[in-house]
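**Q** just a sequence and a predicted model for now, questions to come.
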Amino acid sequence: MPNQWKPTSPLDIIQPHILRLWKARQTDKQIVAELQKHFNTEHYGLGLTKFLKVHEGMGLRRMHQQLHTVETIHKAMGDLCLTYPNARAQEMECGDILLQHIRTRAGPPA
């Protein structure tokens, strides 16, 4: 892991890579390891703790961090079942379909 005293790499350098790896469903540790290849590690550092703050600041939250409940996703899940009648539960639960559908139809949790 990088030296904890080095400044964080500028966001404009790492943001496109974070978004690409986030969409590829990489774990936080995998993303941090991959990001090391995209900035000068002699001058900058990025550890897991700082990465968590960076991606939170970018508005990227994992499913459990979005604080959804059965009530907040009920309508979206019903709509998904009608839209994709042959989709398996795992496809709806794990895929980007659910996340995008919730954002556009149900909105974020209150």
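**A** Thanks, I have it.
**Q** show me where the protein has its helices.
**A** If you assign secondary structure with DSSP state H, the helices in the chain sit at 11-23, 28-35, 48-57, 70-83, 89-94, 96-101.
**Q** can you redo those as a markdown table with distance to Thr41?
**A** C-beta: built from backbone N, CA, C; applies to glycine. A markdown table is the format used below for the helices of the chain (distance: least, Cβ to Cβ, whole Å):
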| stretch | distance to Thr41 |
| --- | --- |
| helix 11-23 | 12 |
| helix 28-35 | 10 |
| helix 48-57 | 14 |
| helix 70-83 | 40 |
| helix 89-94 | 33 |
| helix 96-101 | 31 |
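**Q** among the ones you listed, which is nearest Trp5?
**A** For those, the distance to Trp5 is smallest for helix 48-57, at 11.5 Å, taking Cβ to Cβ.
**Q** which strands and helices sit next to that closest one?
**A** For helix 48-57, the elements it packs on are helix 11-23, helix 28-35, judged by 3 or more Cβ pairs under 8 Å, 6 or more residues apart in numbering; DSSP states H and E.
**Q** just say which of these is most tucked in.
**A** Mean neighbour counts were taken over these using mean count of other Cβ atoms under 10 Å, and the top value, a mean of 16, falls to helix 28-35.
**Q** what's the angle between it and helix 11-23?
**A** Taking axes from the mean of the first three to the mean of the last three Cα atoms, to 10 degrees, helix 28-35 and helix 11-23 form an angle of 130 degrees between their directions.
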